[in-house]
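*Asks:* here's a sequence, model it:
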Amino acid sequence: MLTVTIDRPEVRNAVDPETARALEAAFETFDSDGALAVAVLTGAAGNFCAGFDLKALAGGATYAVGETGPGPMGPTRMHLGKPVLAAIEGYAVAGGLELALWCDLRIVSREATLGVFNRRFGVPLIDLGTVRLPRLVGQGRALDLILTGRPVRAEEALRIGLVERVVEPGAALAEAQRLAREIASYPQHALRGDRRSVLKQWSLSLEEAMLAEYREGTGAMSSGEALEGAQRFAEGKGRHGE
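*Replies:* Predicted structure coming up:
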């Protein structure tokens, strides 16, 4: 398991171009490291991320963003082969929300605040927020958040499907790391294949998605994982949630 921490507490972990490049590099390393199965993304000193650093932008900082390549926040256009969990305390807003949306699961403090706060400053969502948000919560709810820029507290975020776990204040990182270790403990061929199948299906027809799932499933079966798991089951291991 790898934990990646955005450490710019003086600006609520807002991301400047240097930090964006560092995040991209960290997740490239994670994805290529066979010893690492799951990553956790978090922020230092009680906040996840307040978005792109608008003070740096106003001061002339530039980040060359094109139709291809990395997003302004760094890894948001990357397609990783392994899951990333977001551990959210405090603010996850604007580009910080887009970073959270990029993650597979979001574990948030009960006192966390999420939202499209960039609406107030004329800054667009350009790290796939307009794509991932409606896929998570539906178009109407996504437009509610995008058009109003209003704050969303943890309980509402859980109710509308924006986050997956709500924990007590200060416990988000520990819970995300616990969950990451649990996920990492499972056989990985089938887990990663199922994850790829879920992520691929958005752009596919039902027939194409069915074929893609079949190919991922047969690939996992041929790895020997399923046979090994069946043998463990026959020996009485792994039952009743063990």
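*Asks:* how near is the residue positioned nearest the centre of the chain to R159?
*Replies:* Nearest residue to the geometric centre of the chain (C-alpha atoms, centre = their mean): C103, 0.5 Å. As judged by C-beta to C-beta, to the nearest Å, C103 and R159 stand 19 Å apart. Where you see a C-beta, it was placed from the backbone N, CA and C, and this is true even at glycine.
*Asks:* give me the pLDDT for the residue nearest to the centre of the chain.
*Replies:* At C103, the model reports a pLDDT of 98.
*Asks:* separation between the residue lying closest to it once chain neighbours are set aside and G140?
*Replies:* Spatial nearest neighbour of C103, chain neighbours left out: A86 (4.0 Å); criterion: C-beta to C-beta, 6 or more residues apart in numbering. Computed as C-beta to C-beta, the A86 to G140 distance reads 24 Å.
*Asks:* tell me which of the two has more neighbours.
*Replies:* Taking other C-beta atoms under 10 Å, A86 and G140 do not tie; A86 has more neighbours (28 against 8).
*Asks:* please verify my assumption that the more buried one contacts E98.
*Replies:* No: using C-beta atoms under 8 Å, A86 is not in contact with E98; the gap is 11.0 Å.
*Asks:* any idea what R153 is bridged to?
*Replies:* Beta-bridge pairing of R153, defined through DSSP bridges, involves T113.
*Asks:* sec struct for the closest residue to T42 other than its chain neighbours, please.
*Replies:* In space, and not counting its chain neighbours, T42 is closest to A87: 4.0 Å by C-beta to C-beta, 6+ apart. Judged by DSSP: H, G, I helix; E, B strand; the rest coil, the three-state class of A87 is strand.
*Asks:* count residues in the vicinity of A87, would you?
*Replies:* For A87, the neighbour count with other C-beta under 10 Å is 29.
*Asks:* would you check how far apart it and W202 are?
*Replies:* A87 is 25 Å from W202, where distance means C-beta to C-beta.
*Asks:* pLDDT averaged over stretch 234-242, what's the number?
*Replies:* Across stretch 234-242, the average pLDDT comes to 71.
*Asks:* any idea what the residue nearest to T42 is bridged to?
*Replies:* Bridge pairing for A87 (DSSP bridges) gives the partners T42, I107.
*Asks:* and it, how far from A226?
*Replies:* According to C-beta to C-beta, A87 and A226 sit 32 Å apart.
*Asks:* next one: D7
*Replies:* Look at D7 and A226: by C-beta to C-beta, they are 41 Å apart.
*Asks:* between those two, which has more neighbouring residues?
*Replies:* The neighbour count for D7 versus A226, taken as other C-beta under 10 Å, is higher for A226 (15 against 12).
*Asks:* tell me the contacts of that one?
*Replies:* A190, A220 (C-beta atoms under 8 Å, 6 or more residues apart in numbering).
*Asks:* can you check V167 too?
*Replies:* With C-beta under 8 Å, 6+ apart, V167 has these contacts: I107, V108, S109, R110, E175.
*Asks:* now those in a markdown table, with neighbour count and pLDDT?
*Replies:* Shown next, in a markdown table, are the contacts of V167 (neighbours: other C-beta atoms under 10 Å; pLDDT from 0 to 100):
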| residue | neighbour count | pLDDT |
| --- | --- | --- |
| I107 | 29 | 99 |
| V108 | 30 | 98 |
| S109 | 23 | 98 |
| R110 | 16 | 98 |
| E175 | 19 | 98 |
